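Q: quick one: sequence plus predicted model below, questions after.
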Amino acid sequence: MKFTKRIITNQTLNLSDADFSEGEIILIDKPSGPTSFQVVSKIRKITGVKKVGHSGTLDPKASGLMIVCTGKKTKEMDRFINLNKTYTGIIRLGLTSPSMDTETKCTELPLPKYLDEKKILEVRDNFLGEIEQIPPMYSAVKVDGKKLYNLARKGKTIERQPRKVFIEKFEIEKIDLPDIHFTITCSKGTFIRVIADDFGKKLNCGGILLELRRTVIGEFRVDEAIKMDQLSSQIFSNSVSYEWNVH
């Protein structure tokens, strides 16, 4: 799918004619720390436009590509939401946590005595193609109108229905136990944290998502994306300094 409309990237040298109220599409490189909602909130302040949305949530600890739409362009977000996405990251074996990453307290488990590349690749193969995932409690998924992470933070767990997702590519880039470095290309709605958790379960040693970066959405790449201070400096004469409230 090709997009011919203007996209604001790190190569956009002049934003003097940008009309954020009428609608613009911006490639943003989200840093690790803030939530996707906080990124959108900052862009509202930079552009002075209330109507701002994004094409897919990134967890607070994750970094990488977000496609942000402003003004009337928010009506076009569905065309980005449905695109496949590519991630790079690290699965750390021998740990488990309620959030399936380092956001919550981790519990250590022993690694198998005999764990080699062949076994890891065999487990990896289980995730290729169409698979089912149960959304994690620590997620923005809504059940009966309630966001799961709000319930999880109160110590509650409720039943969730499995969802089908498609894993187009799952490459093991490096094995440096207990860490497994990977690249995954997948359909919308895929939880990489769940893959990390399930990966560890299949090896009987636990696993968490240690690092995650979204590098590609459809044909758009993170190396084209603009950082928040760059966006601000191109709109204003001086870059706005950000103090992310990530607590």
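A: Done, it's in. Numbers count the residues shown, from 1 in each chain.

Q: does residue 121 belong to a helix, a strand or coil?
A: helix (DSSP: H, G, I helix; E, B strand; the rest coil).

Q: give me the element the closest residue to it other than its chain neighbours is part of.
A: Computed as Cβ to Cβ, 6 or more residues apart in numbering, the closest residue to residue 121 that is not its neighbour in sequence is residue 172, at 6.4 Å. Heads up, the C-betas are built off the backbone N, CA and C, glycines and all. Take DSSP states H and E as the rule and residue 172 turns out to sit in strand 163-176.

Q: list the strands paired with that strand, with their directions.
A: strand 129-133 (antiparallel), strand 179-186 (antiparallel) (DSSP bridges).

Q: dump it to CSV, keeping only the CA atoms.
A: Output of strand 163-176 as CSV, limited to C-alpha atoms (Å, rounded to 0.1, in the frame of the first residue of the first chain):
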residue,chain,number,x,y,z
ARG,A,163,-6.9,-13.7,19.9
LYS,A,164,-5.5,-14.8,16.7
VAL,A,165,-2.4,-13.0,15.3
PHE,A,166,0.0,-13.7,12.5
ILE,A,167,3.8,-13.8,12.9
GLU,A,168,5.3,-13.3,9.5
LYS,A,169,9.0,-13.4,10.6
PHE,A,170,10.7,-14.3,13.8
GLU,A,171,14.5,-14.2,13.5
ILE,A,172,16.9,-15.0,16.3
GLU,A,173,19.7,-12.4,15.7
LYS,A,174,22.0,-13.5,18.6
ILE,A,175,22.0,-15.9,21.5
ASP,A,176,23.9,-14.6,24.6
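
Q: distance between it and the chain's centre?
A: Between the centre of strand 163-176 and the centre of its chain there are 14 Å (Cα atoms, centre = their mean, to the nearest Å).

Q: what residues of that strand count as buried?
A: Within strand 163-176, the residues scored as buried using 16 or more other Cβ atoms under 10 Å are 165, 167, 170, 175.

Q: try stretch 126-135
A: In stretch 126-135, counting by 16+ other Cβ under 10 Å, buried: 127, 131, 133, 135.

Q: quote the end-to-end distance of that stretch.
A: End-to-end distance for stretch 126-135: 18 Å, by Cα to Cα, to the nearest Å.

Q: who touches it?
A: By Cβ atoms under 8 Å, 6 or more residues apart in numbering, the surrounding residues in contact with stretch 126-135 are 141, 148, 160-167, 170, 190-191, 194-195, 198-199, 202.

Q: would a markdown table of the buried residues of stretch 126-135 with distance to residue 106 and pLDDT be doable?
A: Output for the buried residues of stretch 126-135, formatted as a markdown table (distance: Cβ to Cβ, whole Å; pLDDT from 0 to 100):
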| residue | distance to residue 106 | pLDDT |
| --- | --- | --- |
| 127 | 22 | 97 |
| 131 | 25 | 97 |
| 133 | 21 | 96 |
| 135 | 21 | 87 |
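
Q: can I get those in CSV with distance to residue 206?
A: Listed next are the buried residues of stretch 126-135 as CSV, based on distance: Cβ to Cβ, whole Å:
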residue, distance to residue 206
127, 17
131, 19
133, 17
135, 19
